[in-house]
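Asks: Need a 3D model of the sequence below.
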Amino acid sequence: MTTLFAQFQIGPDWYVLRASLIARVLPLVSIKFIPGAPAGVAGVLLYGSTPVPVVDLSWLALGRPATRLMSTRIILVTPFEQEQGGRLLGMIAEKMTNTIELDEGSFIPSGVRAQGAAYVGPLITVGDKLVQRVDVQSLLPPAVFEALCTDLEVGG
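Replies: Residues are numbered from 1 along each chain as shown. Below is the predicted model of the structure:
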């Protein structure tokens, strides 16, 4: 059974994300930096009138911010569907220009347990390159997930 995936890069490597998790793909817009936010959290953007936390996939995986390219995008996903009523999360991804249909049954385990990167899942060969699936629900370390899921109180 084939599933539609969005394809992007983190550094030199290719990754895919199930398209069904994507609410919207935005250009790299201005993001409000939040002092004291956990590493990997780029800040917050306003989507309509809703604040959306944004993580930088390159920062999480490589320890450096994503390269600002014409193809660098912010992917709005809904990883917190059950826990947070569909709350959005933004993810900055490089070279996010393509969707691809892949057979779910063709993904294979990498054989390597990635400590600190539980979000990287099984692999599939696409053409001459290995592509790895990203599990959005495992993307964030527990401390970051908790920080982003904390309800903000508005003082008056």
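Asks: got the contact list for residue 70?
Replies: If a contact means C-beta atoms under 8 Å, 6 or more residues apart in numbering, then residue 70 has no contacts. (Glycine included, C-beta is placed from N, CA and C.)
Asks: That one: what secondary structure?
Replies: Residue 70 carries the three-state label coil when classified by DSSP: H, G, I helix; E, B strand; the rest coil.
Asks: so who does residue 8 touch?
Replies: Residues near residue 8 by C-beta under 8 Å, 6+ apart: 14, 15, 16, 17, 57, 73, 75, 93, 94, 95, 96.
Asks: measure the residue nearest to the first one when sequence neighbours are not counted to residue 7 for me?
Replies: Just to be clear, that refers to residue 14. Excluding its sequence neighbours, the residue lying closest to residue 14 (C-beta to C-beta, 6 or more residues apart in numbering) is residue 131, at 4.5 Å. Look at residue 131 and residue 7: by C-beta to C-beta, to the nearest Å, they are 7 Å apart.
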